[in-house]
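Enquirer: give the three-dimensional model of this entry:
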Amino acid sequence: MWQWFFIFFVILLMLIVHFISSRRDKPFPGIKAFFPRYNEETGEELAPYYKNKSQLFIEKLTKAPLPYFETTINLYEKSSNCLKVEWSVGDNFKNYLAQKMGPDFWEKSQGVLRVNYTGAPNPYYQDIPVDLKEKQKEITINAPGQTVNCQLGIITDRGLYMPIAQSNDVIIPKNN
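Expert: Next up, the predicted model:
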């Protein structure tokens, strides 16, 4: 019996909305009229990000926020012999290294993409110099059937390689 009341109530509401819409010059705005910020994205003040207890403990211990997803690298296959690499280096990470290594660390260092051929019978790598400000690069390779990933890194003024981030693995298709 209650199902009939529910169906009757829904039909009654639809008739009221239709009646109101036909009497106006413009369509009935629906819920947007009652909530003017209905379509806006909610910001942090409306939907705050709550960290778990271990994150809060580590941040209290180090007295610094944890920089998740600031420094990233992604590897995409464009064709069987071309890969696209996109990266970003976070400001917190840059500031941290500048504090530890000196203010001119970034000017003295060379950015490098280390292409790791991990699926080869004898795994090897190839270093490609890059400008970290460019944030992307296309790489031409010849490695059909191999698994490849990239590391974004820095070669310091002393010649040491310092990895920053590692990308996902990509399996290069074999040429037909």
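
Enquirer: so how far is stretch 159-171 off the chain centroid?
Expert: Stretch 159-171 sits 17 Å away from the centroid of its parent chain (Cα atoms, centre = their mean, to the nearest Å).

Enquirer: er, stretch 165-174 I mean
Expert: Stretch 165-174 sits 17 Å away from the centroid of its parent chain (Cα atoms, centre = their mean).

Enquirer: same check on stretch 131-140?
Expert: Centroid separation for stretch 131-140 versus its chain: 17 Å, with Cα atoms, centre = their mean.

Enquirer: so what touches that stretch?
Expert: Stretch 131-140 is contacted by residues 78, 81-89, 106, 111, 113, 115, 128, 130, 150, 152, 154 when judged by Cβ atoms under 8 Å, 6 or more residues apart in numbering. Using the backbone N, CA and C atoms, a C-beta is placed for each residue, glycine as well.

Enquirer: one more time with 10 Å
Expert: 74-76, 78-79, 81-89, 94, 106, 109-113, 115, 126, 128-130, 148, 150, 152-154, 164 (Cβ atoms under 10 Å, 6 or more residues apart in numbering).

Enquirer: can you say which of those residues are buried?
Expert: Buried members of the contacts of stretch 131-140, scored by 16 or more other Cβ atoms under 10 Å, are 75, 83, 85, 87-89, 106, 109, 111-113, 115, 130, 148, 150, 152-154, 164.

Enquirer: Gly111 against Ile164, yeah?
Expert: Yes: taking contacts as Cβ atoms under 10 Å, Gly111 lies within contact range of Ile164: 8.7 Å.

Enquirer: joint contacts of the two?
Expert: Counting by Cβ under 10 Å, 6+ apart, the residues touching both Gly111 and Ile164 are 87, 89, 132, 152-154.

Enquirer: of those, which is the nearest to Ala120?
Expert: Gly153 (20.0 Å; Cβ to Cβ).

Enquirer: mind picking out the helix or strand in this protein with the poorest mean pLDDT?
Expert: Lowest on mean pLDDT, DSSP states H and E among the helices and strands of the chain sits helix 31-34, with a mean of 58.
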